[in-house]
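# build me a structure from this.
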Amino acid sequence: MGYFLWRSDRGEEFCVIEEPDISKSWELTKGIPRLETLSSPIACKMNPAFRKDVRLSDNLYGSSVPVISRRTREALEASTTNRVEFLPARITNHKRRAEPEEYFVLHPLDMVECIDTEASGVEWNRISPDRISRCRTLVLREDAVPADFKIFRLAHWGSNIMVRQDLAEALQAAGLTGLSFRPTQGFTGIG
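Numbers count the residues shown, from 1 in each chain. Sure thing, here's the model as predicted:
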């Protein structure tokens, strides 16, 4: 089937956001549920370095975590069966006003141990030896991914969200903006 890395694409005139203010953000990379403990929406500010760019895409650019629109959420809910949280986010524009559209931080909870560490040429993190720092090229053992999983995090490299090819194609066909899906071939941990 094939899997892709979830990424964002800026596109013309679409805003760029700053890194969202998420307490204990490391919990996201471990697939720890956060929805029940979230006391208020996650603050996301438009980056002042891009003041002329104010349009909101369906997958905002500039964040290490996906910040998605209600349209993207609905498309994912209609297509996925595995565990995903949608953490409410509030987008603040350049005038420091909250945008009225609903946004969410996409938080897949399922972690899948499917990286072929030898074929990938994995380099383990020296400080956290159970985490991957980089690799030569990302190679997945697709047979290790449950057949019904369309979106998940990589075990030992939880900052990377994987999307099954059919889901990526469906999201793109829906005309959602700001989406980019990077092939695993040639992925080293950068980009």
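# tell me the secondary structure at the nearest residue to V105 once chain neighbours are set aside.
With C-beta to C-beta, 6 or more residues apart in numbering as the criterion, V105 has its nearest non-adjacent residue at 4.2 Å, and that residue is L87. In this view, the C-beta of every residue, glycine as well, is placed from N, C-alpha and C. Secondary structure, DSSP: H, G, I helix; E, B strand; the rest coil: L87 is strand.
# how about the contacts made by L87?
R34, L35, L38, I42, F104, V105, H107 (C-beta atoms under 8 Å, 6 or more residues apart in numbering).
# so for this protein, the centremost residue is which one?
P66 (3.8 Å; C-alpha atoms, centre = their mean).
# surely it meets V105?
Yes. The pair P66 / V105 is scored as a contact, 6.9 Å apart, by C-beta atoms under 8 Å.
# before we move on, the earlier item: check which helix or strand covers the residue nearest to the residue nearest to the centre of the chain when sequence neighbours are not counted.
Leaving aside its chain neighbours, P66 sits nearest to L106 (4.0 Å; criterion: C-beta to C-beta, 6+ apart). Using DSSP states H and E, L106 maps to strand 103-108.
# over to I68?
Applying DSSP H and E, one finds I68 within strand 67-69.
# the most far-flung residue of the chain relative to its centre: what's it in contact with?
Within the chain, K95 marks the point farthest from the mean C-alpha position, 26.8 Å out by C-alpha atoms, centre = their mean. Not one residue lies near K95 by C-beta under 8 Å, 6+ apart.
# ditto for P33
E85, L109.
# phi, psi of it?
phi -60, psi 140 (degrees, to the nearest 10).
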